[in-house]
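Participant: how would this look folded up:
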Amino acid sequence: MSRNAIETIMGAVVLVIAALFLFFAYSTSQIRRSSGYEVTATFDRVDGIREGGDVRISGIKVGSIVSQTLDPKTFLAVVRMTIDPSVQLPTDTVAQIASAGLLGDKYLSLVPGGAEETIPPGGRIQYTQAAISLENLIGQYIFSSQPQQKDGQQSGPPAGLPSLEPKQ
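Facilitator: A predicted model of the protein is given here:
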């Protein structure tokens, strides 16, 4: 009987520790939906950002990404975000997808312009810049740094790979 009591007590201790761990993880995480007004932006590509991700101005979090959807008519990615009410975005604000380092998390960076008018709640950011694909950059670098042939022409890509040269 005493062995069952010890096992019960140990089980309860494990459950309490697990509950404390979950509480600590939730309270220290920065995944919180910020309250504020909602704006949208459309992008060609939204690689790497996620719902609940940060929206930052000059590296300071001013909002959160609420959702990402595909516009069925234009096939562009539509990103909805909430912005802190104390931040009023000018109408010429630029939204771009940035990275927090080479292998870091991606976030939505806003670069405010100098316009007098501001984007109203439910408004749209007109100017966007899609995420830069690291794989495409590396591929372009590899193919552009090929050795020159004797006649001054660059050699083409290895057999079986398409050329990245523009067609004339």
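Participant: quick one: contacts for the residue nearest in space to the middle of the chain?
Facilitator: Central residue of the chain (CA atoms, centre = their mean): Ile49, 2.5 Å from the mean position. By CB atoms under 8 Å, 6 or more residues apart in numbering, Ile49 lies in contact with 65, 68, 79, 97, 106-108, 131. The C-beta positions use only the backbone N, C-alpha and C, and glycine is treated the same way.
Participant: show me what contacts the closest residue to Gly122 other than its chain neighbours?
Facilitator: Sequence neighbours aside, Glu38 is the residue nearest to Gly122 in space, at 6.1 Å (criterion: CB to CB, 6 or more residues apart in numbering). Counting by CB under 8 Å, 6+ apart, Glu38 touches 66, 80-83, 121-122.
Participant: redo that, cut-off 10 Å
Facilitator: 63, 66-67, 80-83, 121-123 (CB atoms under 10 Å, 6 or more residues apart in numbering).
Participant: Report the distance from stretch 78-89 to the chain centre.
Facilitator: 15 Å (CA atoms, centre = their mean, to the nearest Å).
Participant: And that stretch, end to end?
Facilitator: This stretch, stretch 78-89, spans 18 Å end to end (CA to CA, to the nearest Å).
Participant: just stretch 123-134 next, same as before
Facilitator: Span of stretch 123-134 from end to end, CA to CA: 31 Å.
Participant: which parts of that stretch are buried?
Facilitator: Neighbour-count burial for stretch 123-134 flags 125, 128, 130-131 (criterion: 16 or more other CB atoms under 10 Å).
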